[in-house]
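With the input below, show me the fold.
(chains A and B)
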There are 2 protein chains.
Amino acid sequence: MVNVAILGFGTVGSGVAEVIHKNGQHISERVSNQIALKYILDIRDFPDSVFADKIVHDFSVIERDPTVGVVVETIGGATIALDYTRRALLAGKSVVTSNKELVATHGYELMQLAKEKNVSYLFEASVGGGIPILKPIRTCLAANELSEITGILNGTTNYILTRMIRAGLSFEEALREAQANGYAERNPAADIEGHDACRKICILASLAFGRQISPDQVPTEGITSITLADVEYARSAGMKIKLLGRAIRRPSDGKVCAYVAPHLVRDESPLANVEGVFNAISVVGDAIGDVMFYGQGAGKLPTASAVVADVMDAAKHMCYLKSNCWAAGGPDVVFSQEEIASRWYARVTGGAPVEGARQLSGASDAAAGETAWLTDEALRPAEVRARLAGHEVKNLYRVLD
Amino acid sequence: MVNVAILGFGTVGSGVAEVIHKNGQHISERVSNQIALKYILDIRDFPDSVFADKIVHDFSVIERDPTVGVVVETIGGATIALDYTRRALLAGKSVVTSNKELVATHGYELMQLAKEKNVSYLFEASVGGGIPILKPIRTCLAANELSEITGILNGTTNYILTRMIRAGLSFEEALREAQANGYAERNPAADIEGHDACRKICILASLAFGRQISPDQVPTEGITSITLADVEYARSAGMKIKLLGRAIRRPSDGKVCAYVAPHLVRDESPLANVEGVFNAISVVGDAIGDVMFYGQGAGKLPTASAVVADVMDAAKHMCYLKSNCWAAGGPDVVFSQEEIASRWYARVTGGAPVEGARQLSGASDAAAGETAWLTDEALRPAEVRARLAGHEVKNLYRVLD
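Here you go, the predicted structure:
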């Protein structure tokens, strides 16, 4: 018998309770051990919930109960969640989380603490919601030297871009629709400014390349400046605009460049065909070539399904699982995206034709005097900026080739 | 130190040797144990290979060497491979394989033998080449009740269909091109008649639903009857023809219907956009919804990468790993595809308009008097056959909705 406590009875937390409740027998059979939900910590009461009798308001009840083996942290953020995670690990309990902010900022510290206490800190659900990605990277792809990870890591922004591309909605209209459908928060900044994708690429890069990479080492650009004109210019070039998180390992010294930015992606690319709230993560390894993982990157039950799979892993072993781990970070881990060459899309006003670039055919709502260009060859950022001297640059995005 | 022996120095076997050789240090670090290649069994000698000194011709050398912990079986087929696998397991060695025929036909027996001897029988590479699929199903999706698996499981046939769709090649021309490019064997029957996909859906269905399903329980239709007219009719309906392996679990009694057949797939479906030799496998679970795994389904290094990941798992644990396992099969495991309703595509000659179906606009090379139809509603096979009475049916394919 393994007792589980859930911290935070919000969307994901209540999903975890539901999955354990609904598939409990199946789950316990798989683990060869009874998994029972004992506590749910929340500041609120839920008198009408079937889980009403599990609700507690004081974390120390969980902390001090030696029969609780696994704590599920679905509070979010890096303040209370950090405090409770540390205390749970120190109390000798494994912790499972979907909290990407906490893992991206304090992952190394918390894994070290787990190791010291011989318990697990697992976070499959922190990237790609229910999509299996972290465990496959560490196990199934373990024979590979990985070289690159590129992903559509945020469903909200992918939904907005899909509606701009498919229905011709403006960014503002698509955002309002996403909010109305519950795909975007009332305060959408973390999604549309790219911070959510940034945290996820940090976790992916840390795991794939072996050292902690922190959000402050990852230049991040969101989608707020993308207009319908950009969408149409991209279409005329046979491409779609997607917000990508990327992490690229340099073979010469093993350093990593990670960043988040809108990209133009060729229509034939599997990533171009990932629509709506779906996520997809492409991983490149020396033996495997290119593999891609696709599914719902958020949502109550998909995310809960990944959390519960980690709970099962923790319950099965009840010891430190090395499966997710990386070494300490530092400024020497990363190199600058100024060193990464790519083709570029530029929307500009003024100036002469752009050297070494082809002009894209006009978008119907392009502003007067505005033109768009696609460079013929791969250039570093400094090189493309030099070519664009004399133009006022409205938007400048990389092409994913 | 774990010594490895490879049986069969063909494409996959030599790829395994190469990956162990190239990424040996990285691999040994991950396993916290030295993995060394000791023997390669083949009937031929390879005097110019860097592995020339590992070649042996007598299996009993490997069988009797107590220092060999893991045997990699990449012989293929279910005769010699079966004999050597049994003997290796009986000798207390874990066996890792990419041999889908052997797993699909003797998987249960060999897993039981592995369990008795407390060693592992692992076969991630038998489905989807290098794509991580079996382990994620058993671990990351373990909290789900799975309901359906649908996949493009054979790269050769997907290449042929892609060339018919994209370049307008006939089936015969596309097959010859695939052979010239090394994507199809000189004797392509196992691929184009669907047997390879059949073995893979057997393995997927057995793992996902928990009991052995054998190829003789899986109705299998290949792609040899697909013409360019079918491709064009499908296009006019906004669909693509794909060879799919499917396994569907009936909730009422837990029985499974598995089959392999060409399907019409809507252009917007992620499966429609899987092109060339790539494979993709979609898995549906009650919590996760729909997830898809995508990558190169064959090829020397991708497949070898999956084999080596299993070798690492076996070497790390050196005991019976329950991760891949299922119970015995039997006639009560399956139900008939006659009970599965779907919309249908029919190409026919003669007879009146088909009731409850819309006619598709003509293909340029359609034979005289030939028409094509798409049923409006989902029908069982007997129902669609009744509607088509009086017509000569050339091709009849399900629509994946």
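
So stretch A:286-303, near chain B or not?
Yes - legend: contact between stretch A:286-303 and chain B by CB under 8 Å from any CB of the partner chain is shown at A:286-296, A:299, A:301-302. (Glycine included, C-beta is placed from N, CA and C.)

Ok, stretch A:142-159 next?
Yes - Stretch A:142-159 reaches chain B (CB under 8 Å from any CB) through A:142, A:143, A:144, A:145.

how about a markdown table for the residues of stretch A:286-303 next to chain B, with distance to residue A:62 added?
What follows is the residues of stretch A:286-303 next to chain B, written out as a markdown table (distance: CB to CB, whole Å):
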| residue | distance to residue A:62 |
| --- | --- |
| A:286 | 45 |
| A:287 | 44 |
| A:288 | 41 |
| A:289 | 45 |
| A:290 | 43 |
| A:291 | 39 |
| A:292 | 39 |
| A:293 | 33 |
| A:294 | 36 |
| A:295 | 31 |
| A:296 | 30 |
| A:299 | 26 |
| A:301 | 24 |
| A:302 | 26 |
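
Sort out for me which of those are in helices.
A:301, A:302 (DSSP state H).

Check which element follows the strand or helix carrying residue A:306 along the chain.
Element membership for residue A:306, per DSSP states H and E: helix A:300-317. Next along the chain after helix A:300-317, taking DSSP H and E as the criterion, comes strand A:344-349.

packing partners for that next one?
Counting contacts by 3 or more CB pairs under 8 Å, 6 or more residues apart in numbering or on different chains; DSSP states H and E, strand A:344-349 packs against helix A:228-236, strand A:370-375, strand A:392-400.

and these as a markdown table, adding distance to chain B, mean neighbour count and mean pLDDT?
Below are those laid out as a markdown table (distance: least, CB to the nearest CB, whole Å; neighbours: other CB atoms under 10 Å in any protein chain shown; pLDDT from 0 to 100):
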| stretch | distance to chain B | mean neighbour count | mean pLDDT |
| --- | --- | --- | --- |
| helix A:228-236 | 16 | 21 | 96 |
| strand A:370-375 | 23 | 21 | 95 |
| strand A:392-400 | 16 | 18 | 97 |
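
Which one of these lies nearest to residue A:309?
Among these, the nearest to residue A:309 by CB to CB is strand A:392-400 (30.6 Å).

Report the distance from the closest one to the chain centre.
Centroid displacement of strand A:392-400 relative to its chain, using CA atoms, centre = their mean, to the nearest Å, is 23 Å.

one step back: biggest separation within the residues of stretch A:286-303 next to chain B, which pair?
A:286 and A:301 (35.8 Å).

now, which of the residues of stretch A:142-159 next to chain B sits nearest chain B?
residue A:143 (3.5 Å; CB to the nearest CB).

so what's residue A:363 scoring on pLDDT?
At residue A:363, the pLDDT value in this model is 70.

make that residue A:366, sorry
For residue A:366, the predicted pLDDT is 70.

on that earlier part again, now neighbour count, pLDDT and distance to residue A:388 too, for the residues of stretch A:286-303 next to chain B, in CSV please.
Listed next are the residues of stretch A:286-303 next to chain B as CSV, based on neighbours: other CB atoms under 10 Å in any protein chain shown; pLDDT from 0 to 100; distance: CB to CB, whole Å:
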residue, neighbour count, pLDDT, distance to residue A:388
A:286, 17, 93, 36
A:287, 26, 92, 40
A:288, 28, 92, 38
A:289, 18, 92, 35
A:290, 17, 93, 31
A:291, 28, 95, 36
A:292, 23, 96, 33
A:293, 26, 96, 36
A:294, 25, 95, 35
A:295, 28, 94, 38
A:296, 22, 88, 39
A:299, 22, 87, 41
A:301, 24, 93, 47
A:302, 26, 93, 42
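
which among the residues of stretch A:286-303 next to chain B gets closest to residue B:396?
For the residues of stretch A:286-303 next to chain B, the nearest to residue B:396 is residue A:294 (30.3 Å; CB to CB).

Residue A:280 is in contact with the closest one, correct?
Yes - in this structure, residue A:294 is within contact of residue A:280 by CB atoms under 8 Å, at 4.4 Å.

Residues that sit against both of those two, list them.
Both residue A:294 and residue A:280 are in contact with A:270, A:274, where contact means CB atoms under 8 Å, 6 or more residues apart in numbering or on different chains.

Which secondary structure element of chain A has the lowest mean pLDDT?
Least confident helix or strand of chain A, by mean pLDDT, DSSP states H and E, is helix A:24-31 with a mean of 86.

which helices and strands does it pack with?
Packing contacts for helix A:24-31, counted by 3+ CB pairs under 8 Å, 6+ apart, involve strand A:35-41, helix A:300-317.

looking at this, residue A:160 is in a strand?
No - going by DSSP: H, G, I helix; E, B strand; the rest coil, the assignment for residue A:160 is helix, not a strand.

can you list the residues of the stretch 101-250 of chain A near chain B?
Checking the stretch 101-250 of chain A against chain B by CB under 8 Å from any CB, the hits are A:124, A:130-132, A:135-136, A:139-145.

can you pick the most crowded of those residues?
residue A:130 (34 neighbours; other CB atoms under 10 Å in any protein chain shown).

Touching, that residue and residue B:291? I think so.
Yes - with contact defined as CB under 8 Å, residue A:130 reaches residue B:291; the gap is 6.7 Å.

list residues touching both of those two?
Joint contacts of residue A:130 and residue B:291 (CB under 8 Å, 6+ apart) are A:295, A:296.

wait, what's in contact with the residue most central in space within chain A?
Taking CA atoms, centre = their mean as the criterion, residue A:200 is the residue nearest the geometric centre of chain A, at 3.1 Å. By CB under 8 Å, 6+ apart, the residues touching residue A:200 are A:100, A:104, A:126, A:127, A:128, A:151, A:153, A:154, A:245.
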